[in-house]
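[1] structure of the sequence below:
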Amino acid sequence: MVNVGQVNKLEVIRKADFGVFLDAGDYGSTLLPNKHAPEGVEVGQTVDVFLYFDSENQLAATTETPVAQVGEWGLMEVVGVNSTGAFVNWGVTAKDLLVPYSEQRGTLREGSNILVYVYSDKASGRIVGTTKFNKLLDNTPANYTVNQQVSLIIAERSDLGYKAIVNGEHWGMIFPSDVFGKLFIGKQLKGYIKSIRDDGKINLSLQKIGVAKMDELSTKVMDLLEKKGGFLPLNDKSSPDAIFTTFRTSKGTFKKTIGGLYKQGKITIDKEGINLVK
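    This next block holds a predicted model:
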């Protein structure tokens, strides 16, 4: 089955001087120009291509990788605005993605970078983008458990913290006290369910909470010490950035963890770093 707006594996059925033709199922065939065709590709071989409709509403193929396919979010730059809407660069050179005015939440200006959800409009069949995420999220109950790992996309920043899209289905909030490392709109990362409020709202953490958080980090520290010959140049005086780069955790959590390992007699701590007790 051919899916327009997504990457498909299509068979080469004919070669021409200007490119190769691919079997596009019910759509017939589509041309992959030479500039996008893999060198030396032959009839009968398959090629991974992204399918979209060109400016003349004809099926087109490219080996370029879009920022986001249909059903995905991606950070894109606004490259133009006209009476139809805003156009964003989604990684397909031949055609920018339209975000119609009816699908814009707030005014979009050329040069700005925005988070866009790509979808196929049922009425017209066009592939378009939207920044109106509320209609896409929180349409089902938030059936998560505390400390469950989830996929996050940072969507908004406010005085309360960062709003994130959880597993592509729900809104969640990361409060400033749970933020470490660098977050920015469009960043995709793993997180954890911190709590689900009585009103169904989701609070998020970038690391496990409670004892589970400490146990997981203790294992990571011990494993890395083994791999590094028993020494790591990190201690309770190290910078938050250095700790985050190595363990993707906050300095406070790291200090508590190595403190616990020290009390258990598993490591020693000095001004140079931590040492594994043999």
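[2] any regions of the protein where pLDDT drops low?
    211-213 (pLDDT under 70).
[3] again, only this time at 80
    180-181, 210-215 (pLDDT under 80).
[4] can you give me the buried ones in the lengthiest helix in the chain?
    Ordering each helix of the chain by length in residues (DSSP state H) puts helix 210-227 first. Across helix 210-227, burial judged by 16 or more other Cβ atoms under 10 Å covers 213-214, 216-218, 221, 225. Quick note: C-beta positions are derived from backbone N, CA and C, even for glycine.
[5] show me what the following helix or strand past that helix is packed up against.
    Downstream of helix 210-227, the next assigned helix or strand under DSSP states H and E is strand 231-232. Contact here means 3 or more Cβ pairs under 8 Å, 6 or more residues apart in numbering; DSSP states H and E; on that basis strand 231-232 packs against helix 210-227, strand 273-276.
[6] adding distance to Gly44 as columns, could you present the ones you listed in JSON lines?
    Shown next, in JSON lines, are these (distance: least, Cβ to Cβ, whole Å):
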{"stretch": "helix 210-227", "distance to Gly44": "46"}
{"stretch": "strand 273-276", "distance to Gly44": "57"}
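[7] identify the bridge partners of the spatially closest residue to Glu11 that is not a sequence neighbour.
    Spatially, and ignoring its direct neighbours in sequence, Glu11 is nearest to Asp23 (4.7 Å; Cβ to Cβ, 6 or more residues apart in numbering). Beta-bridge pairing of Asp23 under DSSP bridges involves Ser29.
[8] strands of the stretch 51-200 of the chain, start to end?
    59-62, 73-81, 85-89, 97-100, 113-120, 127-130, 149-158, 161-166, 170-174, 188-196 (DSSP state E, counting those that start in this stretch).
[9] quick one, the last one and strand 149-158 angle?
    Our comparison of strand 188-196 with strand 149-158, counting by axes from the mean of the first three to the mean of the last three Cα atoms, to 10 degrees, yields an angle of 90 degrees.
[10] picking that back up, mind checking how far the residue nearest to Glu11 is from Gln45?
    According to Cβ to Cβ, to the nearest Å, Asp23 and Gln45 sit 11 Å apart.
[11] compare those two (neighbour count), which wins?
    Asp23 (15 against 11; other Cβ atoms under 10 Å).
[12] middle-most residue in the chain, spatially?
    Nearest to the mean C-alpha position of the chain, by Cα atoms, centre = their mean, lies Gln188 at 3.2 Å.
[13] dump the residue contacts of that one.
    151-154 (Cβ atoms under 8 Å, 6 or more residues apart in numbering).
[14] show me how to select, in ChimeraX, the buried members of the residues you listed.
    Here is the ChimeraX command that selects only those of the contacts of Gln188 that count as buried (16+ other Cβ under 10 Å):
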select :152,153,154
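[15] pull the number of nearby residues for Tyr101.
    Tyr101 has 12 neighbours, counted by other Cβ under 10 Å.
[16] which strand residues bridge the nearest residue to it once chain neighbours are set aside?
    Excluding its sequence neighbours, the residue lying closest to Tyr101 (Cβ to Cβ, 6+ apart) is Gly85, at 4.9 Å. Under the criterion DSSP bridges, Gly85 forms beta bridges with Pro100.
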